[in-house]
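Chemist: Need a 3D model of the sequence below.
(one chain, ligands or ions: 1)
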Amino acid sequence: MQVKYGIIGGSGKMGREIESLFDEAGHKCVFKFDVIGEWKSGNPQVIIDFSLPQALNNTILYVKKFNIPLIIGTTGLSVEQIESLKTLSRNVPIVQSYNFSIGMQMLLKCTEMLKENLPDWDVEISETHHRFKKDKPSGTALMIRNVLGKNVNISSLRIGNVPGDHTVYFGSLGEVISIKHSATSRRTFTEGVLKSVQFVMGKKKGLYSFNDVLFQNKRK
Ligand code: NAD
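Modeler: Prediction:
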């Protein structure tokens with residue numbers, strides 16, 4: 001089934017990648033909003049936001065106006081902004097994640113397992129991203145820290161054109177385990193966004209994670 005969708009941040013790096021994959025999959029972009037303004041050729045059935053936190057107020061207004069689901073991957077959101085998404089999700093379904101790659105979900109599961117088995121080991125996170133990334137540390141590094149459940153150190157590098165590397169280190173006095181995830185292309189995130197659109201279209205309301213998108217049906 002063709003989905004008519006809207007993008008907030010449509011002319012950005014992720015916005016352009018999303019449009020390219022969704023075109024291939026037969027879906028149609030009918031609405032865009034970014035710093036250069038609004039473009040509309042029809043009513044969207046879902047809104048996808050990959051922009052900056054400053055755009056969130058407008059995103060919320062559009063989701064309310066069209067009364068449709070939201071997929072949001074924008075990073076650097078404040079605690080208040082996450083709260084406003086929770087409030088919005090009382091009326092519409094939302095998938096919010098700082099990382100839409102399957103591999104990162106696996107890294108989070110491995111991190112959880114190592115945390116449970118190695119409670120006394122030192123833990124650190126490092127992340128590397130392209131020079132244009134605005135937020136530091138990355139949203140994904142914060143997700144990993146959230147799984148660890150403690151305020152571990154995060155080291156950040158901003159260099160070249162790296163789409164996103166994250167490593168979690170567990171160390172004792174005699175050994176170190178490191179688990180690393182590298183996004184080698186933005187396409188991995190856009191494939192996750194496509195899965196999330198298919199997931200969210202069947203929901204009435206609620207705040208979902210990308211983990212829910214991948215595993216909720218398997219858990220039932
Ligand atoms: P980008 O800078 O290339 O694009 C940002 C877009 O947002 C542009 O189109 C810009 O016009 C728009 N924008 C900026 N301020 C705006 C405003 N006030 N109102 C409306 N639009 C505004 O960035 P990008 O690399 O495409 O990344 C976009 C976001 O997605 C970032 O927050 C990034 O960290 C995040 N991201 C998330 C994932 C994920 O899996 N969740 C993956 C990659 C990137």
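Chemist: Could you pull out the buried residues of stretch 205-213?
Modeler: Gly206, Leu207, Tyr208, Ser209, Phe210, Asp212, Val213 (16 or more other Cβ atoms under 10 Å). Bear in mind the C-beta positions are built from the backbone N, C-alpha and C, glycine included.
Chemist: hmm, that stretch touching the ligand?
Modeler: No. Using Cβ under 6 Å from any ligand atom, we find that stretch 205-213 stays clear of the ligand, coming within 7.9 Å at best.
Chemist: For this protein, give the residue positioned nearest to the ligand.
Modeler: Using Cβ to the nearest ligand atom, the single residue of the chain nearest to the ligand is Gly12, 2.0 Å away.
Chemist: so what secondary structure elements neighbour the longest helix along the chain?
Modeler: Ranked by residue count and defined by DSSP state H, the top helix of the chain is helix 102-117. Secondary-structure packing of helix 102-117 (3 or more Cβ pairs under 8 Å, 6 or more residues apart in numbering; DSSP states H and E): helix 139-148, strand 164-171, strand 176-183, helix 187-200, helix 210-219.
Chemist: swap the cut-off to 10 Å and go again
Modeler: strand 122-129, helix 139-148, strand 164-171, strand 176-183, helix 187-200, helix 210-219 (3 or more Cβ pairs under 10 Å, 6 or more residues apart in numbering; DSSP states H and E).
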